[in-house]
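# Structure of the sequence below:
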Amino acid sequence: MRETLTTALDLMFGHEGGYVNNPKDPGGSTKYGITHKTLAAHRGVSGVSPAEVKALTKQEATVIYQRSYWTQSGGDLLPVGIDFMTFDYGVNSGPAQAVKSLQRVIGVVADGIVGGQTLAAVKGYKGDLIGAYAAERLRFMKSLKTWSTFGRGWQKRVMNVETQARQLTQGSVLDTDVLEASAKANPIDTSITQTLKKPEAWGPLGALLTAAASLFSGSGPVQWALAVGIIVGIAVGLVSILRKRGEA
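Residues are numbered from 1 along each chain as shown. Got it, this is the predicted structure:
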């Protein structure tokens, strides 16, 4: 077993976080990135409850990652950096898919198995393999029907994994807290455009526009002062709405 597995697992747990059960996520109840189906398969049972998933320990998750993802994605064979990238990709989309994407980048038959031909092509690759592999992974993710829901989080994850892979090749110590990015986009990660579509945002926005009109059409120090005060007050209210949507 390669020593970098320990670092890869630390980074993985930094990405995956704790228990989630997003109704928009087809994976269902998940903890440490381990879905209920993966956990059931590992335990040799037909199914597990959300409570059992929630009770999953990091120790058992480590065993699952090592047996079912690290080895199958070529973790002990591929160069440092690329090994972590295929491992992370494999957790997100399946080891076979992760390897096939790598094989497409290096120009060999995409059979999902890391063999001699794949290893030779990786070693002989001319160019920035880390960057090319990250771009291919992102291309694949954009083809998924759930991209509109989780795309923002996925893109952040791919970018972070690329950064971490480069640091691994340089033997750097990685701060997993700083580079943490979940595989599932946060459902409350709402853009300002989406927030302004909400009815509660239009009340203060309308008042803000009215005050602005008064400001530019009025003539007198009192009217100007009142208009400025209204604008400031409404602007603060709008910022408060945006902040609350980010914390909900």
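# for Ala134, what are its contacts?
85, 158-159, 161-162, 165 (Cβ atoms under 8 Å, 6 or more residues apart in numbering). Backbone N, C-alpha and C define where each C-beta goes, glycine included.
# Return the backbone torsion pair for Ala132.
Taking degrees, to the nearest 10, you get phi -70, psi -40 for the backbone angles of Ala132.
# Check the burial of the closest residue to Gly131 other than its chain neighbours by counting its neighbours.
Excluding the flanking residues, the one nearest Gly131 by Cβ to Cβ, 6 or more residues apart in numbering is Glu162, at 6.8 Å. Residues near Glu162, counting by other Cβ atoms under 10 Å, number 20.
# Verify the stated contact: Glu162 with Ala132.
No. Using Cβ atoms under 8 Å, Glu162 is not in contact with Ala132; the gap is 10.3 Å.
# ok so, going back, biggest separation within the contacts of Ala134, which pair?
Met85 and Met159 (12.1 Å; Cβ to Cβ).
# Name the residues of stretch 54-69 that come out as buried.
56, 60-62, 64-66, 68-69 (16 or more other Cβ atoms under 10 Å).
# Count the neighbours of Gly74 for me.
Counted with other Cβ under 10 Å, Gly74 comes out at 24.
# Contact partners for the closest residue to Asn21 other than its chain neighbours?
Distances taken as Cβ to Cβ, 6+ apart place Ser29 nearest to Asn21, at 4.4 Å, with adjacent residues excluded. By Cβ under 8 Å, 6+ apart, the contact set of Ser29 is 19-21, 35-36, 50, 53-54.
# what ranges do the strands span in this structure?
Assigned by DSSP state E, the strands in the chain fall at 19-20, 30-31, 34-35.
# Tell me how far the residue lying closest to Val114 once chain neighbours are set aside lies from Ala134.
Once flanking residues are discounted, Val114 sits nearest to Gly74: 3.2 Å by Cβ to Cβ, 6+ apart. Distance, Gly74 to Ala134, using Cβ to Cβ, to the nearest Å: 17 Å.
# what's the answer for Gly124, then?
Distance, Gly124 to Ala134, by Cβ to Cβ: 20 Å.
# Thr35 too?
24 Å.
# Lowest mean pLDDT among the helices and strands of the chain, which one is it?
helix 192-196 (a mean of 38; mean pLDDT, DSSP states H and E).
# and the residue nearest to Val114, backbone torsions?
phi 80, psi 20.
# so who does it touch?
Counted by Cβ under 8 Å, 6+ apart, Gly74 has contacts 83, 86, 99, 114, 118.
# ditto for Thr118
Thr118 sits next to 74, 99, 102-103, 106, 108 when contact means Cβ under 8 Å, 6+ apart.
# can you rerun that using 7 Å?
By Cβ atoms under 7 Å, 6 or more residues apart in numbering, Thr118 lies in contact with 103, 108.
# coming back round to it: out of the strands of the chain, the one nearest Phe150 is which?
Here strand 19-20 is closest among the strands of the chain (Cβ to Cβ), at 11.6 Å.
# domain ranges for this structure?
4-186, 194-247 (automatic domain parsing).
# Packed most tightly, which of those would that be?
Counting by mean count of other Cβ atoms under 10 Å, domain 4-186 has the highest mean neighbour count of the domains of the chain, with a mean of 17.
# Right, I'll leave it there.
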